[in-house]
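Student: Any chance you could fold what I've pasted below:
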Amino acid sequence: MTSDEERVDTSPYRGNPHNYTQGDPDTVVQAGAIHGDVNVTASSAGDVTIPRQLPMAVSGFVNRTVELSQLDTLVPAKDDTTGRTSGAVVISAIGGSPGVGKTTLALHWAHRMRYRYVDGDLYVNMRGHGPGPRLDASTALDSLLRTLEVPSERIPDDLDGRSALYRSRLDGKHMLILIDDAVSPEQVRPLLPASPTCLVLVTSRSTLSGLVAREGAQRMSLDTLTTEESLSLLRTHLGQQRLNAEPDMARALVAHCAHLPLALRILTERLLDRPDAPLADIAAELDAENERLDTLGITDDELSDVRAVFDSSYTALPSDAARMFRVLGVHPGIELDAASCAAAAGMPVKRTRALLDQLAGTHLLQRLGRERYRLHDLLRMYAAERFHAEEPVESQTEVIDKLARWYLASARNAVLAVMPNFRPVPDPEGQPSGELLTFDTAHAALAWFEQERPTLISTLRAAVDHELYELAWKLPVTLGVFFELHQHRHEDLDIHAIGLGAARSLDDRKGQARTLIGLADAQWMLDEIEQALETYVSALEAAREVGDGWTEGFALYQLGNLRWQRNRDSEAPTLIRHAIDAFRRAEDKRGEGMALLSLAAYEQSLGHHDTALEHCGTALTIFTDIADTWSAAWARCYRADALTSANQHRAAIAEYQTALPVFIDLADIDTEAITRIGLGRTHRVLGETDQARNHLGTALDLLRSVDDSRAEEIEAELAQLA
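Tutor: Numbers count the residues shown, from 1 in each chain. Have a look, this model is predicted:
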């Protein structure tokens, strides 16, 4: 047995008692910030997913043979020994006007070539001309790094760091990257790999001349189709006979479409719906529509060349399909799903699904996959135009209200799937529209959030724009759980700042208290320590003002944790004790238990081992009583650390061994590693080298599997045991 002075530090917590990781290593949790238990499991360490992110290609692609041949020349020759591509890095920038088919061409060619890129393909829509804010390079890199299975805690906060890590991850990989709808070289440049085994396609309305000059990108300017190419597209779908019967009218029709592939496909569906109608009749209808638009004086915009074609297909829609199309024009999402569209339109999901498929069948909507759709930016402009022309003035606010309520209620269900003890905010008055989503597993809830994250942010901003302030503060309070779990730190900060502004617009002090807590948590995660301390104090004042004991407890708890972390403030334990009192008044057992664990860590650091053990025991009893299995196992780890500090090593090993199966059963890589580190170090103190090597070796494998920086430390400890 060693003395306290000789004792090896076996603590697995690395000096910060309130930060821990639960479940998927991408879900780093601040115990006080995540207000409820976490129920997340990770895939096994050996699982490796090859990303295949390309959206579906457009069926019936024709023409563009010259452009396809040019793109073919960009592909490096195959290496005969490896079967993989080699050569210089290739960047191709495809430019052109809206509706000319840039993305369609890029996707068609990428699908043809993706087999050459055995390590996968990546796709990112930079939202250059869609609804909501453009996607900045830093946010795009965050998403791409997660796709490349970089744990969220390993993703740098700054653009340069993310770009460097991205290049490192792609080094030597044979990958195809499609960057869609970019607006400038600055938006694209950080997303370019350095590896010559990668190929990058970029689509943009601009020339991206900076990429050509600095990065040597091959520029391709895509023009509208020629008359013969346009006729070929029609001929592919309508047949030779119908066009030959009225060749002049066929040429008039493609002229009405301005030779744009988007408009031609919509016209084709219109013609297929009226197989017996002479082409002359369709052309006359388009002529009449153009005259109407000229009279209204609305021809001098991006839609002027194709509005008549859009009108022709739109006016042929049944009334419910036409209304669905109009609603899509004001839906804030980039990608659309049937459930949210149903909520926005106030229709059943089954009926909505049929209408969306009908719109996709007329090429007024693009189908991306199972129940996922996208509206071309020109069609979105047109749909919004029709909405404002045909719907009452207040209708757009009603659509956003329905959508925000639906997202709030569905997000609450998602949070409860991950954190069963989460305390949701009170529902706003009125029932949410639509069929709410429910989630059988935490993984399903987390996957839904990540898929819907851009739309959730856009919906929040839209709620503020339409002065739906109650929804605008309750959304970030609910969604903040996911943003913190997945380490979207800057977005977490942004949504809570928006929510705080909304709560202030209502002079809602309870709303301010809740959003201030989330804002402070986000500031802490971004190492804005002084701002976080001030914000926690503001949250505490607001919570006390309205008698919100639960929020008061978390404000005190986080203030104590942060002040201790910053400078070992002697007042920190007092704040934690006040937090425990507040949690007890609010009858929040888990908050009380987590605060007790923090208090145990503080007492342990002061050498008060018996008091620390007492707090751990009380916390363990609490977690057992509320059937919080994970937190109970976590309390055992804290107890084991306290026992080790008291030189009760055998008892510590027993606690670790009791906790370990829980984390293994949950496939909880990070916490299993933490537990094994504690076991390994404790066995080492006892001179049990084989057991120490076994646990530390397994922990090392786990940490390496998620690219955790602690692996180097454990590797060094293993070397000392050799």
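Student: Excluding chain neighbours, what is closest to the one residue sitting closest to the centre of the chain?
Tutor: Among the residues of the chain, the one closest to the centroid is residue 450, at 3.3 Å (Cα atoms, centre = their mean). Closest residue to residue 450 apart from its sequence neighbours, by Cβ to Cβ, 6 or more residues apart in numbering: residue 486 at 6.6 Å. C-beta here means a position set from N, CA and C on the backbone, and glycine is covered the same way.
Student: where along the stretch 301-450 of the chain do the strands fall?
Tutor: 335-337, 366-369, 372-374 (DSSP state E, counting those that start in this stretch).
Student: Let me know which of those is tucked in deepest.
Tutor: Across these, averaging neighbours per residue (mean count of other Cβ atoms under 10 Å) puts strand 335-337 on top, at a mean of 21.
Student: mean confidence score for that one?
Tutor: Over the span of strand 335-337, the pLDDT mean works out to 93.
Student: packing partners for that strand?
Tutor: Counting contacts by 3 or more Cβ pairs under 8 Å, 6 or more residues apart in numbering; DSSP states H and E, strand 335-337 packs against strand 372-374, helix 442-465.
Student: and that strand, which strands flank it?
Tutor: strand 372-374 (antiparallel) (DSSP bridges).
Student: just to revisit the earlier point, does the residue nearest to the centre of the chain touch residue 485 like I think?
Tutor: No: applying Cβ atoms under 8 Å as the test, residue 450 and residue 485 come out as separate, 10.1 Å apart.
Student: follow-up on the earlier one: reformat the strands of the stretch 301-450 of the chain as a markdown table; add distance to residue 581.
Tutor: Formatted as a markdown table, the strands of the stretch 301-450 of the chain follow (distance: least, Cβ to Cβ, whole Å):
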| stretch | distance to residue 581 |
| --- | --- |
| strand 335-337 | 45 |
| strand 366-369 | 52 |
| strand 372-374 | 49 |
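Student: quick one on the thing from earlier: phi first, then psi, for the residue nearest to residue 450.
Tutor: Per-residue torsions, residue 486: phi -90, psi 10 (degrees, to the nearest 10).
Student: That one contacts residue 451, doesn't it?
Tutor: No: look at residue 486 against residue 451 with Cβ under 8 Å: they stay out of range, at 11.8 Å.
Student: Pick the most deeply packed of the helices and strands packed on strand 335-337.
Tutor: Among the helices and strands packed on strand 335-337, helix 442-465 has the highest mean neighbour count (mean count of other Cβ under 10 Å), at a mean of 21.
Student: Show me what that helix is packed up against.
Tutor: In terms of contacts (3+ Cβ pairs under 8 Å, 6+ apart), helix 442-465 is packed against strand 335-337, helix 395-418, helix 469-485, helix 489-506.
Student: Tell me which other helices or strands the third one touches.
Tutor: Pointing back at helix 469-485 there. Going by 3+ Cβ pairs under 8 Å, 6+ apart, helix 469-485 lies up against strand 28-30, helix 395-418, helix 442-465, helix 489-506, helix 509-525.
Student: which regions of the stretch 251-400 of the chain sit below the pLDDT cut-off?
Tutor: Applying pLDDT under 70 to the stretch 251-400 of the chain picks out residues 289-305.
Student: at 80 what do you get?
Tutor: Under the criterion pLDDT under 80, the flagged ranges of the stretch 251-400 of the chain are 288-306, 308, 369-370.
Student: In contact with residue 390, which residues?
Tutor: residue 326 (Cβ atoms under 8 Å, 6 or more residues apart in numbering).
Student: The stretch 1-150 of the chain: strands as residue ranges?
Tutor: 19-21, 28-30, 90-96, 121-125.
Student: ok, the longest one: who's next to it in the sheet?
Tutor: When pairs are called by DSSP bridges, strand 90-96 turns out to pair with strand 199-204 (parallel), strand 218-222 (parallel).
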